[in-house]
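Any chance you could fold what I've pasted below:
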Amino acid sequence: MYYDLVFEGGGAKGMVFVGAMQEFEARGHKPGRLLGTSAGAITATLLAAGYNSKEMLEALNEKLPDGKSVFTSFMAPPAPFDKAAIQDSSIRAFLRAINIPLIPEGLEDKLDDAITTGLAEDERFRHVFSFVERGGWFSADNFLTWIHDKLNSGESKGKKRNFGDMTFDQFF
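Sure, this is the predicted structure:
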């Protein structure tokens, strides 16, 4: 029997979904429509790509060469911002919109640029800049590489998985 499944987020709680899926499979059930947030979205994505609970457990237990969980690499510092990204940032636009009386415009522009560049380039503040500009505190690069590899590894329904470069529409 097919069931629509919704998985919530919760970080490490995402591992619990594997146990739930083991029982779900043992009872002969199959996933229908899938929905998830955060850790639940990872579970839903792997299920949509044809992963079973055993394959999901292997993926979630993956280790880095130093023995740490691959998930620890998902909390990497944000990548540096290039000059164009800094110049086109919403933080810079916000600062430009503020007019400080009695400060010449040229000086104010230099101050805006210095503040924006300082936030983007200083490792202590780059997380804040990344959160505002990219929508995340950490870099997503390691996660995107990992999930891309998972979506292109193994087999689903007797065929090699090749879902990593698909759009949501194609995947559906």
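
Other residues contacting the longest helix that the chain contains?
The residue-count maximum for a helix in the chain (DSSP state H) belongs to helix 105-121. Applying CB atoms under 8 Å, 6 or more residues apart in numbering, the contact partners of helix 105-121 are 80-81, 85-86, 89, 91-92, 95-96, 99-100, 103, 125-126, 128-129. For every residue, glycine as well, the C-beta is placed using N, CA and C.

per-residue confidence for the residue at the greatest distance from the centre of the chain?
When distances are taken from the C-alpha mean of the chain, L102 lies farthest, 44.2 Å away, according to CA atoms, centre = their mean. As predicted, L102 sits at a pLDDT of 90.

Begin at 50 from now on, thanks
Sure, I'll start counting at 50 from here, so that last one is L151.

Now for the residue nearest the centre of the chain: which residues touch it?
The C-alpha lying nearest the average C-alpha coordinate of the chain belongs to A189 (CA atoms, centre = their mean; 4.7 Å). Contacts for A189 (CB under 8 Å, 6+ apart) come out as F123.

What are the boundaries of the helices in this structure?
Going by DSSP H, the chain shows helices at 63-75, 88-97, 102-109, 132-136, 139-146, 154-170, 175-183, 190-200, 217-220.

gap between the residue farthest from the centre of the chain and E111?
According to CB to CB, to the nearest Å, L151 stands 58 Å off from E111.

Quick one: residues in contact with the helix or strand of the chain with the lowest mean pLDDT.
In the chain, the helix or strand scored least confidently by mean pLDDT, DSSP states H and E is helix 217-220, which has a mean of 80. With contacts defined as CB under 8 Å, 6+ apart, helix 217-220 is touched by 97, 212.
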